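Colleague: what shape does this take:
(one chain, ligands or ions: 2)
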Amino acid sequence: MTTRPYVIDQMISAKAIAARIEELTDEIKRLFPADERLVVVGLLRGSFVFIADLVRELRDREVEVDFIEASSYGNAMESSREVRILKDLRGEVEGRNVLVVEDIVDTGHTLNHVIHILRARNPKQLRTIALLDKPTRREVDFKADWTGFEIPDEFVVGYGIDYAQCNRNLPFIGKVRFTE
Ligand SMILES: O=P(O)(O)OC[C@H]1O[C@H](OP(=O)(O)OP(=O)(O)O)[C@H](O)[C@@H]1O
Ligand SMILES: Nc1nc2[nH]cnc2c(=O)[nH]1
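Modeller: Numbers count the residues shown, from 1 in each chain. Ligands and ions are numbered 1, 2, ... in the order given. Take a look at the predicted model:
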């Protein structure tokens, strides 16, 4: 895939992300019973770094990790608004406490679609957490139960989030600035 030349300006540092995850896990622990197993579901691929840090902050809980892969983006930067499930969960969620982990909520179509599918499977509790939220871009009425950071309408990368499948390995969130 060809991309225009760009640079990445840091927007949220690795340290700020780590501090926010600590706060969020305190809230999550207050909501889910300590004596019941939690199924933490990551939305591939963008959530893989966030879920890794989040579950390690939940190390004193019984946690099962599962993944679902949904795709909403037709090309590198434009949403197709059509959400497809590319890979379903391995495990069952019926009667269980489920936390769905997303990297970014933009139009809201992806998480909204996934939540509809999972709710139909009758979990005991179904909650959502997104590291980033771009509320000004919303096209469906959806709000995650927990949000790490609200950000303006900028195209961001890093901490699991890609531009044309690159930059997922940056430890911080940066914004893409095109130089040409
Ligand atoms: O709120 P929305 O407008 O639906 O957009 C958000 C979704 O778009 C991106 O996923 P993408 O389809 O690019 O896949 P990826 O996670 O594999 O990078 C991102 O990771 C979110 O899952
Ligand atoms: N990489 C990337 N994917 C997105 N999906 C929705 N918003 C974004 C964004 O800012 N960056």
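
Colleague: what does the protein have sitting close to ligand 2?
Modeller: Those residues of the chain that sit near ligand 2, judged by C-beta under 6 Å from any ligand atom, are 104, 106, 155-157, 161-163. For the C-beta atoms, the positions are set from N, CA and C on the backbone; glycine is no exception.

Colleague: check which helices and strands the longest helix that the chain contains is in contact with.
Modeller: Secondary structure of the chain per DSSP state H: the longest helix is helix 14-31. With contacts taken as 3 or more C-beta pairs under 8 Å, 6 or more residues apart in numbering; DSSP states H and E, helix 14-31 sits against helix 48-57, strand 125-133, strand 146-150.

Colleague: make JSON lines from those and add mean pLDDT, mean neighbour count and distance to Ile28 to it.
Modeller: What follows is the helices and strands packed on helix 14-31, written out as JSON lines (pLDDT from 0 to 100; neighbours: other C-beta atoms under 10 Å; distance: least, C-beta to C-beta, whole Å):
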{"stretch": "helix 48-57", "mean pLDDT": "98", "mean neighbour count": "19", "distance to Ile28": "8"}
{"stretch": "strand 125-133", "mean pLDDT": "98", "mean neighbour count": "22", "distance to Ile28": "7"}
{"stretch": "strand 146-150", "mean pLDDT": "98", "mean neighbour count": "18", "distance to Ile28": "7"}
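
Colleague: how about the ones you listed in a markdown table, adding distance to ligand 1?
Modeller: As requested, the helices and strands packed on helix 14-31 are exported to a markdown table (distance: least, C-beta to the nearest ligand atom, whole Å):
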| stretch | distance to ligand 1 |
| --- | --- |
| helix 48-57 | 9 |
| strand 125-133 | 9 |
| strand 146-150 | 12 |
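
Colleague: give the partner strands of the lowest-mean-pLDDT helix or strand in the chain in its sheet and their orientations.
Modeller: Lowest on mean pLDDT, DSSP states H and E among the helices and strands of the chain sits strand 79-87, with a mean of 83. Here strand 79-87 has these sheet partners by DSSP bridges: strand 63-73 (antiparallel).

Colleague: neighbouring contacts of the least confident helix or strand of the chain?
Modeller: 44, 67-74, 106-107, 109-110, 113-114, 117, 139 (C-beta atoms under 8 Å, 6 or more residues apart in numbering).

Colleague: of these, which ones also sit close to ligand 1?
Modeller: Checking the contacts of strand 79-87 against ligand 1 (C-beta under 6 Å from any ligand atom), the matches are 44, 71-73, 106-107, 109-110.

Colleague: residue most distant from the centroid, this protein?
Modeller: Here the centre of the chain is the reference, and by C-alpha atoms, centre = their mean the most remote residue is Glu180, at 30.1 Å.

Colleague: that's all I had, so thanks and see you.
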